[in-house]
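Colleague: Build me a structure from this.
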Amino acid sequence: MPVNIPHDLPARRTLMSENVFVMSDERATHQDIRPLRILIVNLMPTKIDTETQLLRLLGNTPLQLQVTFMHMASHESRNTPREHLEAFYTTFDEVRDQTFDGMIITGAPIELLEFEEVTYWDELCEVMDWSATNVFSTLHICWGAQAAMYRHYGIPKFELPSKLTGVFDHRLINPKAKIVSGFDRHFPAPHSRYTGNDPDIIEATEGIELLAFSEEAGAYLAASTDMRFLFVTGHPEYDGETLRAEYQRDLAKGPGAVMPKHYFPNDDPAAVPRPTWRAHAFLLYANWLNYYVYQRTPFQLEQIPTAITVPPTVED
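Modeller: Got it, this is the predicted structure:
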């Protein structure tokens, strides 16, 4: 089934060339079903690339989705044209009175900043607090996951000795969790970050459960016990070439670039990487949409605030 996106969105042509089922507003209005409303808070600098990556995964489900993109009004994007944001994005003020079945908060390359030093931290806190009453289930990615665990549960991040980049082996801690339904006990996933979260602190925190872990990369997947919030510290949405592009960008900045581990065949940067994580990435998003959103969200969107249980939020 399709993902409903604007006709002129750049991602549309790429997805159609890959045989991903996308739909226009005109066709969607003729289908007698309610699409799931998904809000994507895109914090990544390369917003257009991230749009394509996320829509590719969301479009591989038997559900019709109506996707809305949002950017931070308190931050000026330097890598995405203003015209693109004005055409395809909304702001929090424009959606704060609305309700959504699901929301995705992406990562952002700002891990080394303290959360409170981020220019749009106050606005993002508003969004995360609002999600507890206006969104049925929220999926947080990489820095977005760290920010949400800190905001909702007071779980801190810590700086790593060097950049963690590459494709790492993970093992399931709770294979019965719906989000990992159909997963292998061990599975690959890409990471690209400078900070991490202590898995012992996650496991000791009430209201959140650690679901998957990597001996090299640390905590990977966690969820609130009420299934409202999901936290993914890696980047399963990455294309096969994304880590290569990041490595080349780091090399261009000067010495000290870290080559992604377990990514290039024979650790040869000239070799073509194999995206071994893609099947589990598609499964992760399908499980989220099915078990955490579609199966549990009320049919009447206006009933979402009364149908959800508000999780604890750490006081400012």
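
Colleague: Show me what Leu210 is bridged to.
Modeller: Ala222 (DSSP bridges).

Colleague: What is the neighbour count of it?
Modeller: Using other Cβ atoms under 10 Å, Leu210 is surrounded by 21 other residues. (C-beta placed from N, C-alpha, C; glycine too.)

Colleague: how about the helices of this protein, start to end?
Modeller: For the chain, applying DSSP state H gives helices covering 10-17, 25-28, 47-58, 82-88, 92-95, 121-134, 143-153, 199-204, 242-253, 278-287, 304-307.

Colleague: and the second one, average pLDDT?
Modeller: Which is helix 25-28. The average pLDDT for helix 25-28 rounds to 49.

Colleague: Show me what the lengthiest strand in the chain is packed against.
Modeller: Longest strand in the chain, counting residues (DSSP state E): strand 158-172. Packed against strand 158-172, as judged by 3 or more Cβ pairs under 8 Å, 6 or more residues apart in numbering; DSSP states H and E, are the following elements: strand 186-196, strand 208-214, helix 242-253.

Colleague: now do 10 Å
Modeller: Here strand 158-172 touches strand 186-196, strand 208-214, strand 218-224, helix 242-253, going by 3 or more Cβ pairs under 10 Å, 6 or more residues apart in numbering; DSSP states H and E.

Colleague: Tell me which of these lies nearest to Val127.
Modeller: Nearest of those to Val127, taken as Cβ to Cβ: strand 218-224 at 16.7 Å.

Colleague: mind checking which of the helices of the chain is nearest Phe69?
Modeller: Closest among these, using Cβ to Cβ: helix 82-88, at 5.6 Å.

Colleague: Out of the helices of the chain, flag the one nearest Leu172.
Modeller: Nearest of the helices of the chain (Cβ to Cβ): helix 278-287, 10.9 Å.

Colleague: Let's test this: mean pLDDT of that closest one, rounded?
Modeller: On average, the pLDDT along helix 278-287 is 96.

Colleague: who touches that helix?
Modeller: 53-54, 56-63, 104, 139, 170, 177-184, 187-190, 212, 221, 230, 232, 234-240, 275, 277, 293 (Cβ atoms under 10 Å, 6 or more residues apart in numbering).

Colleague: With Leu210 as the reference, measure out to Val272.
Modeller: 34 Å (Cβ to Cβ, to the nearest Å).

Colleague: do Tyr153 as well
Modeller: 12 Å.

Colleague: shared neighbours of those two, anything?
Modeller: Common neighbours of Tyr153 and Leu210, using Cβ under 10 Å, 6+ apart, are Ile201, Ile202, Ala222, Phe231.

Colleague: Report the two of these separated the most.
Modeller: The span of the shared contacts of Tyr153 and Leu210, defined through Cβ to Cβ, is set by Ile201 and Phe231 at 12.8 Å.
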